[in-house]
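Visitor: got a sequence here, can you model it:
(one chain, ligands or ions: 1)
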Amino acid sequence: MSILEVSATIRTAPDDRSDTELPSGADPTLRPLFAKVVRGERLTIEDGLTLYSTPDLWSVCAMADRVRRRLHGLATYYNINRHLNYSNVCALSCKFCEFYRKEGGEGAYTRDMAYVRDETARAVEAGATEMHCVGGLHPKLPFEYYPELIRTIRATATSRGSDLHIKAFTAVEIVHLARVARVFKQSDRVAGIRWVLEQLRESGLGSLPGGGAEVFDDRVHDEAYKGKIRSDVWLDVHRVAHDIGLNTNATMLYGHIESRHDRLVHLDMLRRAQDRALVRLGYEGVEPNRAEPRADTGAEVGHPGYAGDEGNDVPTVTLTREGVALPAPRMNKRGGYYQTIIPLPFFPDGSELEHLPGPTGLENLRTLAIARLMLDNFPHVKAFWIMQTLPMAQLMLHCGADDLDGTVVWYDITKVGGASTHQEVSVRTLKKTIRDAGFIPVERDTLYRRIERDARDGKAWRVATE
Ligand code: V47
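Guide: Presented below is the predicted three-dimensional model:
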């Protein structure tokens, strides 16, 4: 049984389907959008702009909450995980990034396999189900380092009786590895990407994290992270990962130099990519050839470089329909799709864009809610507590989020509000945070399957079979 089916069975507060109108005090411009949400119709980029411009933020959040409850009821997911940043040495110098160091520079590190073994042993000892492993684009490490890293984590965990899932390498790193291995050709980049992903999968890679997507816009790319792969290549990496059966996540880094419209185009591009992934999987809920209205492409609302890449022929997929008894989607039966969107608010401190204010709390709530509403074919929306804070994440559970991520322990990419690399929360705190917000905590693995734990010590775990 998939986690979504499980969540359906523990739903205690069914969506009240009789309230098909917004409350009388709500912004009337939201009425047609609310009707679309109730009918399960796809929102356009123009709808997204309305959601951004309305002063009635709480109606936007209520709409997202409705979708969230429709999909997951009161279930809120968390996992026991560890992050392992194998190196902060990076050939790039992205303006928003405070993580990277230059080789030999102060604070630069690259982990050896003894370190990786120790960290993995500690993760297993703590009952972790996931190792999230990313790093900079190291200019000198040989290709072999990376499969060895995965094999080392895998072997260490297996020898301790754990089936630890390895979620590793952003799309940017995958392309870097293809270049290091000299298999990346512009004329046939997919072949090189596939080769790298297959090598890593053979070594034990379980899925790809969502990092490195930033915002899919060439102007923003050239100004803030020039040298990084562009959106087409990022999407290619995820498509190939899906093709070989790996699930992936997606992020959106917002609140720096991009516009709100750029964010909506980003979400729309992800939504289209997911449509194609689900169609390739033969997903049950697919409605082939439901034409996309032209207004859904960026071109119509003033984004000249983007015309929704495949135009009107892209089939549209929605997860469920309000009022129609579709079975809960079996999203994790076969791998090869996007699991979750993780909106990441920009933190200026220590970056080259330190002069920017970063997004406000209300903008974070709004962007998360809009991500839930726009991404009608993404099963999950993650409020990554490290970047959102736990109190804010609680609010986000009422605005579309259904997942808080995990216990984490070491996190080096952002250190919010003077945090150190040690950023850890206990399972007890995560569960209390979820319960205090009025939801039901559900421990999941990386693939959103429910986890059962040994009641005696809580360390031994297995994927629930029922
Ligand atoms: O790709 C870097 C972002 C990302 C800053 O897949 C910043 O489950 C804010 O991708 N302010 C890495 N964000 C984190 C990431 C992630 C996190 C949790 C779960 C998953 C998942 C993925 O962090 C980078 C970049 O977009 N980032 N610098 C900054 N100053």
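
Visitor: and the stretch 251-400 of the chain, which residues reach the ligand?
Guide: Counting by C-beta under 6 Å from any ligand atom, the residues of the stretch 251-400 of the chain close to the ligand are 251, 253, 342, 344, 346, 347, 351, 384, 387. The C-beta positions use only the backbone N, C-alpha and C, and glycine is treated the same way.

Visitor: so what's the residue count around the residue of the chain found nearest the ligand?
Guide: Nearest to the ligand, among the residues of the chain, is residue 211, at 2.7 Å (C-beta to the nearest ligand atom). Around residue 211 sit 21 other residues, with neighbours defined as other C-beta atoms under 10 Å.

Visitor: again with the one 5 residues further on
Guide: Counted with other C-beta under 10 Å, the neighbours of residue 216 add up to 23.

Visitor: same question, the one 4 residues further on
Guide: As a burial measure, residue 220 scores 19 neighbours (other C-beta under 10 Å).

Visitor: make sure it is indeed in a helix.
Guide: Yes: counting by DSSP: H, G, I helix; E, B strand; the rest coil, residue 220 is part of a helix.

Visitor: wait, residue 339 touches residue 379, no?
Guide: Yes: the pair residue 339 and residue 379 passes the contact test of C-beta atoms under 8 Å, sitting 6.2 Å apart.

Visitor: more neighbours: which of those two?
Guide: Using other C-beta under 10 Å as the criterion, residue 339 and residue 379 rank with residue 379 on top: 25 against 22.

Visitor: give me the pLDDT for the more buried one.
Guide: What the model reports as pLDDT for residue 379 is 91.

Visitor: now do the same end-to-end measure for stretch 409-427.
Guide: End-to-end distance of stretch 409-427 (C-alpha to C-alpha, to the nearest Å): 12 Å.

Visitor: buried stuff in that stretch?
Guide: Residues of stretch 409-427 classed as buried by neighbour count (16 or more other C-beta atoms under 10 Å): 409, 411, 412, 413, 414, 415, 423, 425, 427.

Visitor: wait, what's in contact with the residue of the chain closest to the ligand?
Guide: 134, 170, 171, 172, 251 (C-beta atoms under 8 Å, 6 or more residues apart in numbering).

Visitor: without its sequence neighbours, what residue ends up closest to the fourth one?
Guide: This means residue 172. residue 212 (3.9 Å; C-beta to C-beta, 6 or more residues apart in numbering).

Visitor: please name the residues that touch the one you found.
Guide: 170, 171, 172, 173, 228, 229, 234, 251.

Visitor: touching stretch 354-370 from outside, list them.
Guide: By C-beta under 8 Å, 6+ apart, stretch 354-370 touches 48, 51-52, 57, 60-61, 63-65, 252, 254-257, 263-264, 267, 343, 345-348, 381, 383, 388, 392, 395-396, 399-401.

Visitor: in CSV, list the residues of the stretch 251-400 of the chain next to the ligand along with distance to residue 373, pLDDT and neighbour count.
Guide: Formatted as CSV, those follow (distance: C-beta to C-beta, whole Å; pLDDT from 0 to 100; neighbours: other C-beta atoms under 10 Å):
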residue, distance to residue 373, pLDDT, neighbour count
251, 18, 98, 22
253, 19, 97, 26
342, 16, 98, 25
344, 18, 97, 24
346, 21, 96, 22
347, 25, 92, 22
351, 29, 92, 21
384, 19, 95, 23
387, 21, 92, 21
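
Visitor: nearest to residue 72 among those residues?
Guide: Set against residue 72, the nearest of these by C-beta to C-beta is residue 342 (16.1 Å).

Visitor: what residues are bridge-paired with that closest one?
Guide: With DSSP bridges as the criterion, residue 342 is bridged to residue 251.

Visitor: correct me if wrong: it contacts residue 210.
Guide: Yes: assessed by C-beta under 8 Å, residue 342 is found in contact with residue 210 at 5.3 Å.

Visitor: cool, thanks, signing off.
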